[in-house]
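# the following block contains a protein sequence and its predicted model.
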Amino acid sequence: MKIRNLCAFVLINWLVWCILSLFYFKTGGFSGDFYGNIFTVFFIPGQMSLFAAGLFILSLPFRLIGPRALQAAATAWGGIFSLFFVLDIIVYSQYRFHISPAMLELFFGPAGREIFMFPAATWVMAFAGLVILFAAAWGLTLISKKITLSNKALIWASVFLVMILFVYNGLFAWAKFMMVPSITAQRDRLPFANPLSANRRLRKMGFEPKREPYALPARGKLAYPLNTLSCSPDKKQNVLIILVESWRSDSFTPEIMPRLTQWSKQAGAHYFANHLSGGNATEAGVFSLFYSMPYAYWNDFTSRHLPPVLVSEAQTLGYTPAVYSSGKLNSPAFHQNIFAAIPNLRLESKGQTKWERDIDAVADFETFLDKHDPKTPFFGFVFLDAPHGSDSPKEDQIFQPAGEAMNYLLLTKNTDPTPYMNRYKNSLHFTDKMIDRLLTDLQKRGLLKNTWVVLTGDHGQEINDTRNNFWGHNSNFAKYQTHVPLFVWSPSGAPAQTLTYRTNHYDVAPTVLTHVYRCANLPADYSIGQDLFDSTPRPFSIISSYTKKAVRTGDKLTVMDAYGNLEFYDENFTPIADGADPAQIGEAFKTFAKFYK
């Protein structure tokens, strides 16, 4: 086999892989509109050209040994690449994610047989398929040996593939800037696709991405909710979600938050003392709270501008939206998913500091209540940001010594966390006043007796608690970054209670839809959670960061990252011999495909 024959072999495989790629779109659905279809035409051959380049580069060195070695290498690598596509298509059709190093390590690891269970017939069919694939690869090398491409043909083929790759990346960059969901929704369709984006560079040049969404393509494969909601509340009660940035569970104490401590004792108060966020970062934490599903769905919902039923059903029932966030709602892009259907969305607050912007958000919510007809129910959301930067006014800086803002370049595992912990406590002492101001205002207006209030954090905040040099969040899944307080005040007037069984963010939406909207649907129609007041043990919790996923059962965690590492920890981030229950990991994987047709 000569190098020219290898080029022919690569081109034949490229064509075969392009055809195989259609199965990804059979599963996920074609876009159904002009822009999306044009992108798909370039996306498939463009992405497959990268695999073709990999096949060529990996096989070429064997030509130094001889033509037979080159043919053997081409057969091996061609078979491996084709095997990857076949297996990945099967995985994608079942779970809507692609094969990754982490998944391979799970499969071949000691717990693989418990997570992935197949009958004997499956293994027989797999072996037969393996033989067929490599036999086909060998056959293609024989065909390729009879094809000798001219220099001109090779140049034109190379230019063609490079141009396709260029156009595909350019189209995606344009679509992301212009917010064209029929294109951006395709990003995760093919394995290892990471098209270019120019938003950051264009912002530096003074251009702002388009905010008005394009119409959602009608032929999407996302099935959410699984069944049409049937909700008919006897009496429409208000809903107010108060979310606190970076609020760790152990910071709820009478010393740090005296006002909230008193509110937790009032009638109708329910404190969930063993609550987990769905993420250790803002995007994942907020997404899991509102959508009641893992962060893995973020791209699909964002590209389609599809809000959660927690919000959309409130609008259907005639609730007035009242969204007041201290931090910007377009960074992360909550204006493109959770609040995408809310007209004239207030994107940011005024103020030079986080605590000033918190005050502005609360004040604007109070102004909304001043003008709002109390006979019309409202769906409120207030996002307080001060603890994220451990920010507070001077009068709340009661815990001393309090350090300056963290300089992460100077922090080590031996750095004394006390000044930074005090600074964090001061910010929550200020936040305590903001929460009290909101609840007291509702009480004075007589609205508290007709309002469900949910108070929680998007994620926790670690301050070198384990002396492993972890500061902040999004770095691990220890309890300091994932355990958050959760309070629910219902208008029932029932005695205050503390509930100690495990709950998580996925349980909030089912609770509101069941008790407030009075939906007849089971939570499984729109959620992976259950009613907060249902004490049935949760079999697992899925916790996400921007780059990793963790499955937690009991106090054990199995962490999977994008680089092929599989690690086991307890809730204190101490390495242990084995992690989450392997059988439950398999069940957790199924939730990634739950809301696809």
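That came in fine, so what should we check first? Residues are numbered from 1 along each chain as shown.
# alpha carbons only for contacts and neighbour counts from here, please
Will do.
# what's the domain layout of the chain?
Using automatic domain parsing, the domain parsing of the chain gives 3-204, 238-534.
# show me where pLDDT drops low in this structure?
28, 32, 94-97, 101-119, 202-204, 206-220, 406-409, 561-565 (pLDDT under 70).
# tell me who's in contact with the residue nearest the centre of it.
With distances taken as C-alpha atoms, centre = their mean, Tyr295 lies nearest the centre of the chain, 2.1 Å away. Taking C-alpha atoms under 8 Å, 6 or more residues apart in numbering, we find Tyr295 in contact with 278-279, 283-284, 287-288, 544.
# can you pull out the helices in the stretch 251-400 of the chain?
For the stretch 251-400 of the chain, the helices defined by DSSP state H, counting those that start in this stretch occupy 258-263, 282-291, 298-304, 309-316, 354-371.
# hang on, the earlier thing: tell me which of the domains of the chain lies nearest to Gln584.
Ranking the domains of the chain by proximity to Gln584 (C-alpha to C-alpha) places domain 3-204 first, at 7.6 Å.
# give me the distance from that closest one to the chain's centre.
25 Å (C-alpha atoms, centre = their mean, to the nearest Å).
# ditto for stretch 536-547
Per C-alpha atoms, centre = their mean, the centroid offset for stretch 536-547 relative to its chain is 12 Å.
# can you get me the start-to-end distance on that stretch?
Using C-alpha to C-alpha, to the nearest Å, the span of stretch 536-547 from its first residue to its last is 31 Å.
# which other residues reach that stretch?
The contact list for stretch 536-547, computed with C-alpha under 8 Å, 6+ apart, reads 276-281, 284-285, 294-295, 474-475, 477, 482, 501-504, 549-554, 561-562, 584-585, 588.
# state the three-state secondary structure for Arg467.
coil (DSSP: H, G, I helix; E, B strand; the rest coil).
# list the contacts of it.
With C-alpha under 8 Å, 6+ apart, Arg467 has these contacts: 413-414.
# what does it show for phi and psi?
Taking degrees, to the nearest 10, you get phi 60, psi 40 for the backbone angles of Arg467.
# what's the spacing between it and Cys231?
Relative to Cys231, and taking C-alpha to C-alpha, Arg467 is found at 49 Å.
# part of a helix, is Asp441?
Yes - assigned with three-state DSSP, Asp441 falls within a helix.
# tell me the spacing between the residue lying closest to it once chain neighbours are set aside and Pro45.
Spatial nearest neighbour of Asp441, excluding adjacent residues (C-alpha to C-alpha, 6 or more residues apart in numbering): Glu366 at 7.8 Å. Glu366 sits 55 Å away from Pro45, going by C-alpha to C-alpha.
# the two: which is more packed in?
It is Pro45, of Glu366 and Pro45, that has more neighbours when counted by other C-alpha atoms under 10 Å, with 22 against 16.
# quick one, strands of the stretch 101-250 of the chain?
Along the stretch 101-250 of the chain, the stretches classed as strands by DSSP state E, counting those that start in this stretch are 238-244.
# count of neighbours near Lys265?
Count around Lys265 with other C-alpha under 10 Å applied: 15.
# close enough to count as contact, it and Ala494?
No - applying C-alpha atoms under 8 Å, one finds Lys265 not in contact with Ala494, separated by 11.0 Å.
# for Gly457, grab phi and psi.
According to degrees, to the nearest 10, Gly457 has phi -110, psi 160.
# you'd agree it is up against Ser246?
Yes - the pair Gly457 / Ser246 is scored as a contact, 6.3 Å apart, by C-alpha under 8 Å.
# neighbour count winner among the two?
Taking neighbours as other C-alpha under 10 Å, Gly457 and Ser246 compare with Ser246 leading, 32 against 27.
# quick check: that one touching Ile463?
No - checked against C-alpha under 8 Å, the pair Ser246 and Ile463 is beyond contact range at 11.2 Å.
# thinking again about what came up before, closest one to Leu532 among the helices of the stretch 251-400 of the chain?
Here helix 282-291 is closest among the helices of the stretch 251-400 of the chain (C-alpha to C-alpha), at 12.4 Å.
# quick one, helices of the stretch 51-200 of the chain?
Using DSSP H, counting those that start in this stretch, helices in the stretch 51-200 of the chain cover 67-95, 101-108, 112-115, 120-144, 151-178, 181-184, 199-204.
# for Lys594, find the nearest of those helices.
Judging the helices of the stretch 51-200 of the chain by C-alpha to C-alpha, what sits closest to Lys594 is helix 67-95, at 8.0 Å.
# can you give me the strands in the stretch 451-597 of the chain?
Going by DSSP E, counting those that start in this stretch, the stretch 451-597 of the chain shows strands at 451-457, 462-463, 471-472, 486-489, 497-499, 503-504, 541-544, 548-553, 556-561, 566-570.
# want to throw these into JSON lines with distance to Ala136?
Shown next, in JSON lines, are these (distance: least, C-alpha to C-alpha, whole Å):
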{"stretch": "strand 451-457", "distance to Ala136": "55"}
{"stretch": "strand 462-463", "distance to Ala136": "54"}
{"stretch": "strand 471-472", "distance to Ala136": "52"}
{"stretch": "strand 486-489", "distance to Ala136": "58"}
{"stretch": "strand 497-499", "distance to Ala136": "60"}
{"stretch": "strand 503-504", "distance to Ala136": "49"}
{"stretch": "strand 541-544", "distance to Ala136": "40"}
{"stretch": "strand 548-553", "distance to Ala136": "37"}
{"stretch": "strand 556-561", "distance to Ala136": "34"}
{"stretch": "strand 566-570", "distance to Ala136": "34"}
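# go through those strands and name the closest to Lys597.
Counting by C-alpha to C-alpha, Lys597 lies closest to strand 541-544 out of the strands of the stretch 451-597 of the chain; the figure is 21.7 Å.
# quick one on the thing from earlier: which of the contacts of stretch 536-547 are buried?
276-281, 284-285, 294-295, 474-475, 477, 482, 501-504, 549-554, 561, 584-585, 588 (16 or more other C-alpha atoms under 10 Å).
# now do the helices in the stretch 401-550 of the chain.
418-444, 479-482, 508-515.
# so how far is the shortest one off the chain centroid?
Right, helix 479-482. With C-alpha atoms, centre = their mean, you get 17 Å for helix 479-482.
# please apply the same query to the first one.
When C-alpha coordinates are averaged (C-alpha atoms, centre = their mean), helix 418-444 and its chain have centres 28 Å apart.
# what helices or strands is it leaning on?
When contacts are defined as 3 or more C-alpha pairs under 8 Å, 6 or more residues apart in numbering; DSSP states H and E, helix 418-444 sits against helix 258-263, helix 354-371.
# name the stretch among these that sits most buried.
Among those, the stretch with the highest mean neighbour count (mean count of other C-alpha atoms under 10 Å) is helix 354-371, at a mean of 18.
# packing partners of that helix?
Against helix 354-371 (3+ C-alpha pairs under 8 Å, 6+ apart) you get strand 320-325, strand 378-384, helix 418-444.
# flag every buried residue along stretch 173-186.
Quick answer for stretch 173-186 (16+ other C-alpha under 10 Å): 173-186.
# need the residues you listed in TSV (columns: distance to His372).
Listed next are the buried residues of stretch 173-186 as TSV, based on distance: C-alpha to C-alpha, whole Å:
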residue	distance to His372
Ala173	42
Trp174	41
Ala175	38
Lys176	37
Phe177	36
Met178	35
Met179	33
Val180	35
Pro181	34
Ser182	37
Ile183	40
Thr184	38
Ala185	37
Gln186	41
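# from those, which is closest to Tyr92?
Gln186 (13.5 Å).
# and Ser390, which of the strands of the stretch 451-597 of the chain is closest to it?
strand 471-472 (10.3 Å).
# packing partners for that closest one?
Secondary elements touching strand 471-472 (3+ C-alpha pairs under 8 Å, 6+ apart): strand 462-463.
# what lines up beside the strand it packs on in the sheet?
strand 471-472 (antiparallel) (DSSP bridges).
# contacts for the partner strand, please.
Against strand 471-472 from outside (C-alpha under 8 Å, 6+ apart): 461-464, 481.
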